[in-house]
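In: need the 3D shape of this:
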Amino acid sequence: MYRLNLPSFEIKIGGTKQHPMIWDILRNKYVALTPEEWVRQHFIHFLINEKGFPKALLANEVVLNVGDKTLRADSVLYNRELRACMIVEYKAPTVQINQKVFDQILAYNSQLQVDYLIVSNGLKHYCCQIDYEKKTYNFLPDIPMYPDLVSF
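Out: A predicted model of the protein is given here:
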């Protein structure tokens, strides 16, 4: 797999050579090991181990109904009142982060109305905080530590 700009962790690989699987600590099962899943698993461990995010408040593959479409947000962080407060969108390391990717996460946010959006391809990570009052957003220099998130 790809070398990422994220810390390593104890990776559990299963499946077969033709159909490799990786253990998802949030879904508690092996899932298909795709380049995007490789990024997701590294990023989730990064959020938990490096940024102090509680595992119990994170979810992968969150189903959203946007209009007549059923979409899946890659990862969502909830606050202690179980209100979504952050969406994370992952792409494979070979996928460039562009406006189309941000449009995708904004479609998810039309449903969830979170305070933070993160996009990562495992090499580059972008985090922005949304100010609904001013109808603006600010890109942050780093992903906040869990205790520093203002919406908690």
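In: so how many other residues sit close to I11?
Out: 13 (other Cβ atoms under 10 Å). The C-beta positions use only the backbone N, C-alpha and C, and glycine is treated the same way.
In: please report the distance of it from L33.
Out: 10 Å (Cβ to Cβ, to the nearest Å).
In: so what sits against both of the two?
Out: Counting by Cβ atoms under 8 Å, 6 or more residues apart in numbering, the contacts common to I11 and L33 are I22.
In: contacting residues around Y90?
Out: E36, V39, R40, F43, D74, S75, V119, S120, N121, G122.
In: how about the helices in this protein?
Out: With DSSP state H as the criterion, the chain has helices at 35-49, 99-112.
In: mind listing what's buried along the longest one?
Out: Going back to what we said before, that points to helix 35-49. 35-48 (16 or more other Cβ atoms under 10 Å).
In: again with stretch 139-152
Out: I143, P144, Y146, L149.
In: need those residues in CSV (columns: distance to T94 and pLDDT).
Out: As requested, those are exported to CSV (distance: Cβ to Cβ, whole Å; pLDDT from 0 to 100):
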residue, distance to T94, pLDDT
I143, 22, 95
P144, 28, 94
Y146, 30, 92
L149, 31, 81
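In: from those residues, pick the one nearest N109.
Out: Closest approach between the buried residues of stretch 139-152 and N109, by Cβ to Cβ: L149, at 16.0 Å.
In: measure that closest one to L77 for me?
Out: 8 Å.
In: ok, T16 next?
Out: T16 sits at a distance of 33 Å from L77 (criterion: Cβ to Cβ).
In: and the two? Which one has more around it.
Out: Using other Cβ under 10 Å, the more surrounded residue of T16 and L77 is L77, with 22 against 7.
In: so what's the more buried one up against?
Out: Neighbours of L77 in contact, by Cβ under 8 Å, 6+ apart: L47, F53, L57, L58, A84, C85, M86, I87, V88, Y116.
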